[in-house]
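**Q** A structural model of the following input is requested.
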Amino acid sequence: MQALRALVREFPSVLLGYSGGVDSALLAVVVRQELGKDRMLAAIGRSASYPEAQWQAARDVADRFDIPVVEIETHELDDPNYLANPTNRCFFCKTELWSRLVPLARERGLAVVCDGTNADDLREHRPGKAAGATAGVRSPLADAGMTKAEIRAASRALGLPTWDAPAAPCLSSRVQYGLSITPTRLRQVERGEEYLRSLGVTGDLRVRHAGAVARIEVEPSWIPHLEARREAIDAHLRALGFARVEIDPRGYRSGRLNEGVVPLPVVASG
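**A** Have a look, this model is predicted:
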């Protein structure tokens, strides 16, 4: 945290790509504390791929810590490359996001554009990082060497409600590669996960969209809870449009859709 604060203090001013997840929430609070309200802005990109619950969490943190926020509409769902849902889909999403936030920073006179990439992310398949690098986006958490565990510990010490929040990637990350991204599929995923949360499920949770099949992943301790409610779960998810529902007996696994996938180059097609 000392290294992070020292790094942030070097920035004249900051526009932060802000989702309200564990990483960007901590960074937003630290930037606000170090630079003050008038030298920073947290920007939320809104689209069908951004969960409503995540938006509410982002706004709650901003309100609690007096973080100035702007919301912009992003249009990644207008990009055929993104809709095709290749393994480098995130590159096209982040390209769209930064194409809007970088000009916004210039318009507001903010010198540095940042994201919430952490040190652990640098070792994972994250094609969106290339879009950020191309746009000149800084990653203070990664630059300071902060891991996810350290970010959670620091968030807890600062009183952030996100300190123990599960990972919250965009809804498109639940859709099987090669299956086109549509607003309908994103709504199916979001409503499916909302329903499972209403049954009391906490921690990591995914409704993976495999076309006709919904594959549910939860932390292993929650599997018996879901199996005991299997009939109701099947009925609810079928009503959302799935033909079949599966509960993965191995439980939640980060990056499940990347297993066995050969990553594509992170460049746009012509």
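
**Q** give the contact list for Ala3.
**A** The neighbourhood of Ala3, defined by CB atoms under 8 Å, 6 or more residues apart in numbering, consists of Ala144, Gly145, Met146. No exception for glycine: its C-beta is placed from N, CA and C like everyone else's.

**Q** Mind checking which of those are buried?
**A** With burial judged by 16 or more other CB atoms under 10 Å, the buried subset of the contacts of Ala3 is Ala144, Met146.

**Q** Find me the pLDDT at the residue positioned nearest the centre of the chain, would you?
**A** Centrality entry for the chain: nearest residue to the mean C-alpha point is Pro169, 3.0 Å, by CA atoms, centre = their mean. Pro169 carries a pLDDT value of 89.

**Q** what's the answer for Val262, then?
**A** pLDDT, Val262: 53.

**Q** For the host helix or strand of Glu190, the averaged confidence score.
**A** Applying DSSP states H and E as the criterion places Glu190 in helix 183-198. When pLDDT is averaged along helix 183-198, the result is 98.

**Q** after that helix comes which helix or strand?
**A** From helix 183-198, the next helix or strand downstream (DSSP H and E) is strand 205-210.

**Q** circling back to that earlier point, just list what the helix holding Glu190 packs against, helices and strands only.
**A** Applying 3 or more CB pairs under 8 Å, 6 or more residues apart in numbering; DSSP states H and E, one finds that helix 183-198 contacts helix 52-64, strand 205-210, strand 213-218, helix 230-239.

**Q** buried sites along that helix?
**A** In helix 183-198, counting by 16+ other CB under 10 Å, buried: Arg185, Leu186, Gln188, Val189, Glu190, Arg191, Gly192, Glu193, Tyr195, Leu196.

**Q** about what we covered before: out of the contacts of Ala3, name the ones that lie in strands.
**A** Residues of the contacts of Ala3 located in strands (DSSP state E): none.

**Q** count of neighbours near Ala239?
**A** 10 (other CB atoms under 10 Å).

**Q** Arg106 too?
**A** Arg106, neighbours per other CB under 10 Å, totals 12.

**Q** So in terms of bridging, what pairs with Val113?
**A** Note on Val113: beta-bridge partners Leu15, judged by DSSP bridges.

**Q** hey, where'd the helices end up in the chain?
**A** Counting by DSSP state H, the chain has helices at residues 2-9, 22-35, 52-64, 80-83, 89-108, 128-134, 140-143, 148-158, 183-198, 223-227, 230-239.

**Q** Quick one: mean pLDDT for the fifth one?
**A** Taken as a whole, helix 89-108 has a mean pLDDT of 97.

**Q** Mind listing what's buried along it?
**A** Buried residues in helix 89-108, defined by neighbour count with 16+ other CB under 10 Å: 89-98, 101-102, 104-105.

**Q** Can you list the buried residues in the lowest-mean-pLDDT helix or strand in the chain?
**A** Lowest by mean pLDDT, DSSP states H and E among the helices and strands of the chain is helix 128-134, with a mean of 92. Under the neighbour-count criterion of 16+ other CB under 10 Å, helix 128-134 has Gly128, Lys129, Ala130, Ala131, Gly132 buried.
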